[in-house]
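*Asks:* Sequence and computational prediction follow.
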Amino acid sequence: MKEPSAPGYVDIVFDIPANQVFTYKTETDQTALSGTVPGRRVMVPFGARDMLGYAIGRREAPPQGVALGSIKAVRRVVDSEPVFDSRDLELARWISGYYFCGLGQALAAMIPSGKRTGDYPSLSSVEEITPSPLELSEEQKKALDAITAPADKPPLFYLYGITGSGKTEVFLRAAEFMLNQGNSVIYLVPEISLTHQTAEAIGKRFGKAAATIHSGMSPANRLTEWMRIRSGEARIVVGPRSAVFAPVENLGLIIIDEEQDGSYKSGNTPRYHARQAAMRRCSVEGARLVMGSATPSAEAWKLMQDSEIKRLDLTRRLSGGSPPEIIPVSLEKTSGCLTEELKEEIRKTARMGRQTILFLNRRGFAYFYHCNSCGYELTCRHCSVSLTWHKSRSRAICHYCGYSVTPPKACPQCGSLEAGFTGFGTEMIEEEVRRTFPELRILRADADTTGKKGELKKTLDLFRSGEIDILLGTQMVAKGLNFPGVRLVGVVLADTGLHLPDFRAAERTFSLVVQVAGRSGRYFPDGKVIVQTLRPQDPAIVKSCALDVDGFFEAELSQREALSFPPYTRLIRFTFRSKDAERADKAAARLASIAAPLLPPGADALGPAECPLGIIAGSHRRQLIIRGKTMGSLHAAAGEALARYEKGRDSRVYLEVDVDPVSLL
């Protein structure tokens, strides 16, 4: 009779906010697993339930001091082959350390969660790489030569060029060069809407060597693409933020298109920034990093000024277009959403057989219920924000927690009929545009209309093919998209973000206006942009309408320096959430008192204070921000403060840590 072999032991981490490794055993009928299980996902008993874990290593004996009888067994191994390796694990350890999260949380953010189900069609059925079709301009050649020049330690590059100046072609040529050298490429884009357009271009150019990863895909399809990349079948990967983790071999280049975009920063734990993760990967794996935009972030602009990033300029449009004429128009005496100037330009554009984009960064019909008699405001029951009126659903809805009510016919506080919704969202604009231009074909693209899979791509394809006269949308139509037929862009209300209590409000407004203006006149020299605003004299509006990037950053950076805000300092933000306001206050005050003596010279703390959005989904929110000149000493102080705070923390207060936050709301 054959003797049973001894069990093996596997170290496992979970998607939980704890930096702890748990050991499990593999039973005798799983002996093969003990040697091969690291790098795979496993189902194991955890507390009262079975839980998915990540096997990060194996051991011959249980950890010291752990009783054999207390070690539970692995139930099953989810993956037939490893989904991550030692390099991925090393990157996850860095994410975990830098962003103060559990190792299992970092791995969960990196690795698709699906179960593999057969083959997923790649971007294109083309077998061979097709040649580059366009002749490069002198500026493009110069930029490409710089990016591909041999160097022991290549610098970071920034392709800074006006919209329509051919940045994408330089990116694709650099990618082509790297693939021909036997290297792999990761191409990051900020929005899923841009993923479709870029994926199409990359699919045509590189065929089966290309793969795409984004959250719109099913988990199973994402995992299948992930395994194609791991096997080396796909060597150029396009996608938003999480594609930075793609397990490519021989990484030669990471491209970050529209580098300034806030969506590169994760809003959930781990709150990583794809730019920071890309810099880390390039440094460790000896790859090149090329960022690009018409409107760089303030951080990138300063690094270019300080020569820490090599700036490569593209100064002219290549497709027969020229920078559009941008006209600021005051909304003050306008009764509806559209000024006479914008209406006249829409009519003129339609007569020319060309297209219009109308942009407003706010969905819904109207967003502010106010009583003129007593001042009452209709706010969410669970959040400290106004409800937005969605006429199509006949509901007032909170965009933070989803709470909704039927709007009152009279003021709930004083009974006055002088109450109702003011301000406007994309729904209201759509109604006014349809009423004003009944003969034109109009489509709206926002989170309410493009929620279904494939709906956004369908809308954008219809617009590109000329079957829509006016495309009305939120941020998803503002950046990177290339529509040859667009003559006119109307920014319906440019200052929606200017009043926000965030030091980046002006930068975001400036960037958005310049980016959305860039959709106009890309192929013809007659592009026009009408920027409607209630604050025509605001510097961010004035500079964006003049396309004065240098002037904007000169003023903005001097203000940031005077106020000690990034890029002149680094921030770490702690946000406390609790159903009980007093508990949140106490927890914030406790961490503040722990952190104060640990802060390095020159560093300081802002708060603790109530967050600008003080309540979300019934949770009271408080924040503490620590600020210093360099991240190293500030990060060390934060780590020590957190370790001491954890020892006596209130379990009914949830703490989020955000290193280098992009939003302070």
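*Replies:* Happy to help now that I have it.
*Asks:* Can you tell me, leaving aside adjacent residues, what's nearest to residue 166?
*Replies:* Among residues not flanking residue 166 along the chain, residue 318 sits closest, at 4.7 Å (C-beta to C-beta, 6 or more residues apart in numbering). Quick note: C-beta positions are derived from backbone N, CA and C, even for glycine.
*Asks:* what residues are up against that neighbour?
*Replies:* By C-beta atoms under 8 Å, 6 or more residues apart in numbering, the contact set of residue 318 is 137, 164-166.
*Asks:* number of nearby residues for the closest residue to residue 442 other than its chain neighbours?
*Replies:* The shortest distance from residue 442 to any non-neighbouring residue, by C-beta to C-beta, 6+ apart, is to residue 470 (4.7 Å). When neighbours are counted by other C-beta atoms under 10 Å, residue 470 registers 24.
*Asks:* go on, residue 20?
*Replies:* Residue 20, neighbours per other C-beta under 10 Å, totals 10.
*Asks:* next one: residue 81
*Replies:* 11.
*Asks:* in what helix or strand does it lie?
*Replies:* Here residue 81, judged by DSSP states H and E, is contained in no helix and no strand.
*Asks:* Would you confirm that the residue nearest to residue 442 contacts residue 444?
*Replies:* No. Using C-beta atoms under 8 Å, residue 470 makes no contact with residue 444, being 9.4 Å away.
*Asks:* Name the surrounding residues that touch stretch 324-344.
*Replies:* Outside stretch 324-344, the residues touching it (C-beta under 8 Å, 6+ apart) are 346, 424, 428-429, 432-433, 436, 489-490, 492-494, 517, 520-521, 527-534, 536, 541-542, 544-547.
*Asks:* again with stretch 654-665
*Replies:* 98-101, 262, 265, 269, 271, 273, 276, 500-504, 566, 570-578, 587, 591, 611-613, 619, 623, 625, 631, 635, 638, 642, 645, 649.
*Asks:* For residue 15, give me its contacts.
*Replies:* 52, 102, 104-105, 107-108.
*Asks:* what about 7 Å?
*Replies:* Shown in contact with residue 15 (C-beta atoms under 7 Å, 6 or more residues apart in numbering): 104-105, 108.
*Asks:* For residue 298, see how far away the nearest residue to residue 563 once chain neighbours are set aside is.
*Replies:* Residue nearest to residue 563 in three dimensions, not counting chain neighbours: residue 503, with 7.0 Å by C-beta to C-beta, 6+ apart. Here the criterion is C-beta to C-beta, to the nearest Å. By it, residue 503 lies 10 Å from residue 298.
*Asks:* Could you do residue 653 as well?
*Replies:* 33 Å.
*Asks:* if we can go back for a sec, can I get the contacts of residue 15 in JSON lines including pLDDT and secondary structure?
*Replies:* Output for the contacts of residue 15, formatted as JSON lines (pLDDT from 0 to 100; DSSP: H, G, I helix; E, B strand; the rest coil):
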{"residue": "104", "pLDDT": "97", "secondary structure": "helix"}
{"residue": "105", "pLDDT": "97", "secondary structure": "helix"}
{"residue": "108", "pLDDT": "96", "secondary structure": "helix"}
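*Asks:* Can you tell me which of these comes closest to residue 66?
*Replies:* For those, the minimum distance to residue 66 (C-beta to C-beta) is 19.2 Å, reached by residue 104.
*Asks:* what residues are up against that closest one?
*Replies:* By C-beta under 7 Å, 6+ apart, residue 104 lies in contact with 13-16, 54.
*Asks:* now, which of those lie within strands?
*Replies:* 13-14, 54 (DSSP state E).
*Asks:* From residue 106, how far off is residue 57?
*Replies:* Distance of residue 57 to residue 106, computed by C-beta to C-beta: 16 Å.
*Asks:* ah, wrong one, I meant residue 459
*Replies:* 35 Å.
*Asks:* Between the two, which is the more surrounded one?
*Replies:* Higher neighbour count among residue 459 and residue 106: residue 106, with 29 against 21, using other C-beta under 10 Å.
*Asks:* Identify the residues contacting the more buried one.
*Replies:* Counting by C-beta under 7 Å, 6+ apart, residue 106 has contacts 92, 95-96, 270.
*Asks:* among those residues, who's most crowded?
*Replies:* residue 92 (27 neighbours).
*Asks:* Please identify the helix or strand for the closest residue to residue 374 other than its chain neighbours.
*Replies:* Spatial nearest neighbour of residue 374, chain neighbours left out: residue 414 (4.2 Å); criterion: C-beta to C-beta, 6+ apart. For residue 414, there is no host helix or strand (DSSP H and E).
*Asks:* Who are the contact partners of residue 414?
*Replies:* Counting by C-beta under 7 Å, 6+ apart, residue 414 has contacts 371, 373-374, 376.
*Asks:* In strands, which of the residues you listed fall?
*Replies:* residue 371.
*Asks:* Can you name the element that comes right after the helix or strand hosting residue 487?
*Replies:* Secondary structure assigned from DSSP H and E places residue 487 in strand 486-491. Per DSSP H and E, the first helix or strand lying C-terminal to strand 486-491 is helix 505-517.
*Asks:* what about that next one, distance to the chain center?
*Replies:* 16 Å (C-alpha atoms, centre = their mean, to the nearest Å).
*Asks:* Likewise for stretch 588-601?
*Replies:* 30 Å.
*Asks:* which residues touch it?
*Replies:* Contacts to stretch 588-601, defined as C-beta under 7 Å, 6+ apart, come from residues 574, 576, 605, 607-608, 622, 624, 626, 628, 633-634, 637, 640-641, 644-645.
*Asks:* let's see 6 Å
*Replies:* Here stretch 588-601 makes contact (C-beta atoms under 6 Å, 6 or more residues apart in numbering) with 576, 608, 622, 624, 628, 633, 637, 640-641, 644-645.
*Asks:* can you give me the helices for the stretch 301-450 of the chain?
*Replies:* 340-351, 426-436 (DSSP state H, counting those that start in this stretch).
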